[in-house]
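1. no FASTA, just this:
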């Protein structure tokens, strides 16, 4: 019996950082900012850092380092990058028996251009991850208490429904991040699936797009999400912290001060998986019956995990072990209050 099986993408990541990468404000870009460098120039890069990433492998490392029995289900190519993914999972003692191998498409690949501030632009090739087959997964699906569903490429919306339906029928609890494809469906059409989710993790921008409610109207966003999601809604807000609600208990939490900001890649994965790890640890003997103190512990672990990841380059490098979290004085107190 696994504590958690993670499902989603796996990638080979190349981090490129240079002081020549500049961030400028411009209305020509959807975010209002752009990462730029001189066209036609040859830019010296001090180093290139190769790691593995992808939502499913990132969150799996958190669960494993927090002492939970973990497996990871992704689709990779039969190539060097795919073998690097498997090797990294095995180092963390994460079961790789559910991994699908694609004989035609290579493993997904990302090139991450890091600005000096730690913000980044990501060039993504989806590769084999787009063809993940949820139906094939369940033919040999072993028992697990939880599934953590990270964003999927390709037929993401279809796979999301298949996985949620299967888990609901088999009394497996589900935590999920939504992909862009799922968010585009809209909350009305997605509600029948969201009703089967125990924890939904998304950022404020995603929550706004999903519900169709203006970004700044947080209370209205939560009203809509609480009606659609049967469990806990977790809405991250970057440097402004996080808000959570299960329709009854509503809390806000701040963030821990960062020693430095090296790279924000994987911060969302780190928070979501840290939050779930905390709840699993606190409710293991209570059948997932939680109270305010259990939620506070989960928020603190999620925030600490995200902070530690931001302070290092790569989505996995800073992920905390259970011992590191419990022993670190800097992570003992976090501003948390009900709203």
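-> Right, received. Where do you want to start? Small disclaimer: the values here were computed from a predicted structure and weren't measured.
2. from here on, contacts and neighbour counts on C-alpha atoms
-> Fine.
3. end to end, how far does stretch 318-333 reach?
-> Its start and end residues considered, stretch 318-333 measures 19 Å (Cα to Cα, to the nearest Å).
4. how about that stretch: buried residues?
-> Buried residues in stretch 318-333, counting neighbours by 16 or more other Cα atoms under 10 Å, are found at 318-322, 325, 331.
5. Moving C-terminal from the helix or strand where residue 202 lies, which element do we reach first?
-> Taking DSSP states H and E as the definition, one finds residue 202 inside strand 199-203. Going down the chain from strand 199-203, the next helix or strand is helix 204-211, by DSSP H and E.
6. how far is the host helix or strand of residue 148 from where the chain is centred?
-> Element membership for residue 148, per DSSP H and E: strand 144-149. Distance of strand 144-149 from its chain centroid, counting by Cα atoms, centre = their mean, to the nearest Å, is 14 Å.
7. That one pairs with which strands, parallel or anti?
-> Its sheet considered, strand 144-149 pairs with strand 2-7 (parallel), strand 173-177 (parallel) by DSSP bridges.
8. what does the longest one rub up against?
-> Applying Cα atoms under 8 Å, 6 or more residues apart in numbering, the contact partners of strand 2-7 are 56-57, 59-60, 63, 68-74, 142-150.
9. Buried residues in that strand, which are they?
-> 3-7.
10. Low-confidence bits of the stretch 1-150 of the chain, can you list those?
-> 30, 139-140, 142 (pLDDT under 70).
11. Tell me which of the buried residues of stretch 318-333 fall in helices.
-> Residues of those located in helices (DSSP state H): 322, 325.
12. nearest to residue 171, of the buried residues of stretch 318-333?
-> residue 322 (27.3 Å; Cα to Cα).
13. Confirm for me that the closest one is in contact with residue 67.
-> Yes. Residue 322 lies in contact with residue 67 (Cα atoms under 8 Å); the separation is 6.9 Å.
14. To residue 131, which of the strands paired with strand 144-149 lies closest?
-> Nearest of the strands paired with strand 144-149 (Cα to Cα): strand 2-7, 13.0 Å.
15. Name the next helix or strand following that closest one along the chain.
-> strand 11-17.
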